[in-house]
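> Provide a 3D model corresponding to the input given below.
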Amino acid sequence: MTYQVAQQHDSMTAFAPVKGSPLSVGSGFTGMGFRHGQFFGAMDPIIMVDHYTMTVPTFGAHPHAGLSAVTVLFEDTEGKFNNRDSLGNDFDINPGDLYWLNAGSGAIHDEAPRKGATIHGLQIFVNLPARLKHQSPSSLHVKREDMPTLKGQGYRVRLVLGQSNGIETAAASVWPVTILDGFADKTSVFEHRIQTGFNAWIYSVEGDIEYKVRGNWFTLHQGESSAIDDAENEAITIRGKSSSSSHFAVLSGETIHEHFVQHGPFAMSTQQEIDEVVARYNAGELGSLDSQP
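Okay, the predicted model is just below:
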């Protein structure tokens, strides 16, 4: 599939809408997937995003290394999502929560809906720079009640992580990332400023949205996303296309600009490092779900 540049203004580029690839695993996991290769580097530091619904345990215990595996639950999630990992964590995350597993040199992870739950959210892989890929793993859990909410004409936006409109979350991730989960109708005047040195990825979760960059409006239909790179403290304005609110998400992170090799749940600087971490995993050296911190 070919992806085209929609508009170019000096050094900043906004990419034409990209529709996610359908996902289906087993009997209880469906969604839409987006990968960094679809955006020619403009997703950096994001490697992939899956927008999914999960109703039964699907993946089991699995490894990660060289990246952060980030879970953002939307507020319409029903029930609880059990998170376990080799750092010794074993707890439920609730609707609206964030869980950030910084895998670093390697960790084992499992997420599973509790019985009767319907989990709706985003699974995000955030790359790590080479200097952080071999550090010890760590984790961050941010509860819905600890996230600021931005409200104004035609919009309500949760500041899940990072900073927007002069507000910054108390929690900070291992790599600078801002995550917005919002609703906007056609009267919305919501504006977010992309920090210098950051890229941004915009996604229409439900309904259609429009966003404005440097005076130009672009449309995203439900299930479509776009990326903006080389922003220099640029403002984006987001609004819905009808009188009812559309649901959208914005991910913005500090760019890394480093070559990396992805192999499934691993992202390392070279193929040799991939081979090494796979060997460590096969040897049981990434820990287990029974590990204690």
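> okay, now the unreliable bits of this protein?
1-14, 291-293 (pLDDT under 70).
> show me where it has helices.
For the chain, the helices defined by DSSP state H occupy 271-282.
> residue nearest the centroid of it?
Ile124 (3.5 Å; Cα atoms, centre = their mean).
> separation between that one and Leu87?
Counting by Cβ to Cβ, to the nearest Å, the gap from Ile124 to Leu87 is 19 Å. All C-beta spots, glycine's among them, are computed from the backbone N, C-alpha and C.
> same thing with Ile167?
Using Cβ to Cβ, one gets 29 Å for the distance from Ile167 to Leu87.
> which one's more surrounded, the two?
Leu87 (21 against 11; other Cβ atoms under 10 Å).
> neighbours of the closest residue to Val189 other than its chain neighbours, how many?
Distance criterion Cβ to Cβ, 6 or more residues apart in numbering; nearest residue to Val189, sequence neighbours excluded, is Gln153 at 5.0 Å. Per other Cβ under 10 Å, the neighbour tally for Gln153 reads 11.
> let's have the chain start at 3 instead
Happy to do that; since the first residue is 3 now, the last one works out to Gln155.
> angles on the backbone of Gln155, please.
Gln155 adopts backbone torsions of phi -60, psi 110, taken as degrees, to the nearest 10.
> tell me who's in contact with it.
189-191 (Cβ atoms under 8 Å, 6 or more residues apart in numbering).
> where's it relative to Glu208, distance?
20 Å.
> of the contacts of Gln155, which is the most crowded?
Ser190 (24 neighbours).
> tell me how far Gln40 lies from His66.
22 Å.
> tell me the contacts of Asn244?
Careful, residue 244 is Ser; it's not Asn. Applying Cβ under 8 Å, 6+ apart to Ser244 gives the contacts 187-188, 209-210.
> and Gln40 and His66? which has more neighbours close in?
His66 (26 against 19).
> what is the burial count for the spatially closest residue to the more buried one that is not a sequence neighbour?
Ranked by Cβ to Cβ, 6+ apart and with sequence neighbours excluded, the top spatial neighbour of His66 is Ala105, at 3.6 Å. Here the number of neighbours of Ala105 (other Cβ under 10 Å) works out to 30.
> residue contacts, Asp92?
Listed by Cβ under 8 Å, 6+ apart, the contact partners of Asp92 are 84-86, 291.
> which of the residues you listed lies closest to Met56?
Asn84 (11.4 Å; Cβ to Cβ).
> and that closest one, what are its bridge partners?
Bridge pairing for Asn84 (DSSP bridges) gives the partners Asp94, Ala114.
> what is the burial count for it?
16.
> ok, it touching Ile121?
No: Asn84 lies out of contact with Ile121 (Cβ atoms under 8 Å); the separation is 10.1 Å.
> give me the common contacts of these two.
In terms of Cβ under 8 Å, 6+ apart, Asn84 and Ile121 are both contacted by the residues Pro115.
> what residues are bridge-paired with the closest residue in space to Ser26 that isn't next to it in sequence?
Nearest non-adjacent residue to Ser26, counting by Cβ to Cβ, 6+ apart: Thr32, 5.2 Å away. Beta-bridge pairing for Thr32 (DSSP bridges): Ser26, Thr55.
> over to Val128?
Under the criterion used (DSSP bridges), Val128 bridges to Ile48, Ser70.
> which residues are in contact with Thr221?
Thr221 touches 19, 210-212, 243, counting by Cβ under 8 Å, 6+ apart.
> top of those residues by number of neighbours, please.
These, ranked by neighbours (other Cβ under 10 Å): first place Ile211, 29 neighbours.
> distance of Phe76 from Val162?
10 Å.
> which parts of the stretch 153-295 of the chain are strands?
157-163, 165-166, 169-170, 179-186, 192-196, 200-208, 211-215, 218-222, 226-231, 236-242, 248-256, 263-265, 268-270 (DSSP state E, counting those that start in this stretch).
> so can I have CSV of those showing distance to Gly286?
Supplementary listing: these in CSV, determined by distance: least, Cβ to Cβ, whole Å:
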stretch, distance to Gly286
strand 157-163, 32
strand 165-166, 40
strand 169-170, 40
strand 179-186, 31
strand 192-196, 42
strand 200-208, 35
strand 211-215, 46
strand 218-222, 44
strand 226-231, 38
strand 236-242, 46
strand 248-256, 32
strand 263-265, 18
strand 268-270, 16
